[in-house]
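>>> Fold the following for me, if possible:
(chains A and B)
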Amino acid sequence: DTEVTQTPKHLVMGMTNKKSLKCEQHMGHRAMYWYKQKAKKPPELMFVYSYEKLSINESVPSRFSPECPNSSLLNLHLHALQPEDSALYLCASSHRTGWWPQHFGDGTRLSIL
Amino acid sequence: AQTVTQSQPEMSVQEAETVTLSCTYDTSESDYYLFWYKQPPSRQMILVIRQEAYKQQNATENRFSVNFQKAAKSFSLKISDSQLGDAAMYFCAYGQGGSEKLVFGKGTKLTVNP
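The predicted structure follows:
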């Protein structure tokens, strides 16, 4: 069983919808990450939060909006997505940034109609 | 910038046999970590094994072991007594000490034949 929990597991949305992905961990980790993974490709880093503050934004379009309300929770708010945004979105956490390893969740499979 | 190369897009092995997946990396740093992650079709990225660069001894986790050749910048994964459940995409990854970024290779798809 994964210690990083992501919901929902699947999400289908239209390009005009607003939805959110949720990630939760209770390992006391203070670093959390969002990755995007296309089929048969490695994950690509999107955002890094350290102590609930955004520390890295890898030039992600503004239609993706991350939020870290507390040390256990990480959200990714989605709005006006494009078909090319269809992918697996993985959340990960680590003890601190720069501390290894990162622990991954099961991911949310996102499909944009 | 650090890079990770997995030269085998696909590999196959017979059940109960041994298979080795290759990984090379490029870095000029001395403080780093290397990982093998397994991603089955169920899609969870599972940490299989980790190696700290400062440790000379090769890491081992049950049927999984690595051959860490620091001078050659090589980090191969050996799976012994392969099982059907080992079938997955395997990613080699590099983590710099103090850095937030995990650098992945392109992955090797492992098929286990009964």
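>>> What does the pLDDT read for the residue nearest to the spatial centre of chain B?
With distances taken as Cα atoms, centre = their mean, B:W36 lies nearest the centre of chain B, 3.2 Å away. Per-residue pLDDT puts B:W36 at 97.
>>> gap between the two ends of stretch A:39-56?
From the first residue to the last, stretch A:39-56 extends over 24 Å; the measure is Cα to Cα, to the nearest Å.
>>> tell me which residues of that stretch are tucked away?
Of all the residues in stretch A:39-56, those buried under the rule 16 or more other Cβ atoms under 10 Å in any protein chain shown are A:P42, A:P43, A:L45, A:M46, A:F47, A:V48, A:Y49, A:S50, A:I56. C-beta: built from backbone N, CA, C; applies to glycine.
>>> my guess is the last one meets A:W34, correct?
No: counting by Cβ atoms under 8 Å, A:W34 is not a contact partner of A:I56; they are 10.0 Å apart.
>>> Chain A against chain B: which residues are in contact?
A:2, A:31, A:33, A:40-43, A:45, A:48, A:50, A:55-56, A:88, A:90, A:92, A:97-98, A:100-107, A:109 (Cβ under 8 Å from any Cβ of the partner chain).
>>> so which helix or strand takes in B:C92?
Following DSSP states H and E, one finds B:C92 within strand B:88-96.
>>> what's the average pLDDT for the following helix or strand past that strand?
The first helix or strand that comes after strand B:88-96 along the chain, using DSSP H and E, is strand B:102-104. Strand B:102-104 shows a mean pLDDT of 94.
>>> which helices and strands sit right next to strand B:102-104?
Under the contact definition 3 or more Cβ pairs under 8 Å, 6 or more residues apart in numbering or on different chains; DSSP states H and E, strand B:102-104 sits against strand B:3-5, strand B:88-96.
>>> strands paired with it, and their directions?
strand B:88-96 (antiparallel) (DSSP bridges).
>>> Quick check: which element contains A:S111?
Short version, using DSSP H and E: A:S111 is in strand A:108-112.
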